[in-house]
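In: next one to model:
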Amino acid sequence: MDKRIFWVIIEATLEQSGGETALQENLIKNELHNFDYKDLVGFQANCIEFMNGLYSSEIWAAEYVLVNSCSEDIFTEFRGWLITQGENAYMNAVNNADSIYDLTQKYDILNGYIPQLSLDVLVYDVVRKKWAANQNDFKKEVISLLNKKGFEPVSNINLNWDKQNPKTLEAIVPRLMNAYYNLLNTNPTS
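Out: Next up is the predicted model:
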């Protein structure tokens with residue numbers, strides 16, 4: 001599956017769901033049931049490439065301000081959610097993590113909405129249900145495709161911010177900090 005089709009699926013389901021994350025997740029799964037196994041290998045490879053593109057200190061700073069967490073699992077789900085906001089949102093975030101602020105305006109962050117979606121997992125759900133395929137075999141095929149494409153994953157992030165020093169976060173994501181940090185963090189130095 002090429003990247004154009006990937007983004008068509010993401011953007012169509014975003015529009016159909018009105019941005020409701022759980023509904024969009026189900027819509028993506030429904031769409032993926034229309035594709036063959038090879039296409040799903042390609043979809044997952046694209047997903048991994050896009051997730052990798054968001055694996056940066058700046059994106060993690062944005063996630064930390066919004067979610068008040070630094071766990072790898074939450075960061076993975078945050079990046080999945082960010083991809084499901086569409087290609088323009090993705091590219092804007094890659095180029096400027098503070099652009100994520102614009103995306104948050106349609107969600108109730110202050111009342112506990114946590115932007116996350118297990119995009120990397122939902123493809124496995126479809127493959128398992130539709131073909132009863134072994135997850136490890138599917139992963140091997142995805143990795144093989146990524147290797148053929150010359151994909152090199154980012155394996156380490158050197159954070160250029162310190163959660164103990166809000167000024168370092170403010171330098172990276174000033175609008176997010178202004179809108180959410182002090183309101184969501186009752187103890188900003190924890």
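In: next, count neighbours for the closest residue to residue 172 other than its chain neighbours.
Out: Counting by Cβ to Cβ, 6 or more residues apart in numbering, residue 172 lies nearest to residue 61, which is 4.5 Å off, once chain neighbours are set aside. (Glycine included, C-beta is placed from N, CA and C.) Number of residues near residue 61 (other Cβ atoms under 10 Å) recorded here: 26.
In: these two touch, right, residue 61 and residue 162?
Out: No. Residue 61 lies out of contact with residue 162 (Cβ atoms under 8 Å); the separation is 10.1 Å.
In: for the protein, where's the lowest mean pLDDT among helices and strands?
Out: Using mean pLDDT, DSSP states H and E, the weakest-scoring helix or strand in the chain turns out to be helix 182-184, at a mean of 62.
In: in terms of secondary structure, what does the helix or strand hosting the residue nearest to residue 172 contact?
Out: Using DSSP states H and E, residue 61 maps to helix 57-67. Where contact means 3 or more Cβ pairs under 8 Å, 6 or more residues apart in numbering; DSSP states H and E, helix 57-67 is packed against helix 72-83, helix 87-95, helix 100-104, helix 166-172, helix 174-176.
In: now the end-to-end length of stretch 12-25.
Out: By Cα to Cα, to the nearest Å, the extent of stretch 12-25 from end to end equals 12 Å.
In: in that stretch, what counts as buried?
Out: Neighbour counts over stretch 12-25 (16 or more other Cβ atoms under 10 Å) mark 13-14, 17, 21, 24-25 as buried.
In: mean confidence for stretch 82-102?
Out: Summarised as a single mean, pLDDT over stretch 82-102 is 97.
In: can you list the buried residues in that stretch?
Out: Buried residues in stretch 82-102 (16+ other Cβ under 10 Å): 82-87, 89-90, 92-94, 97-101.
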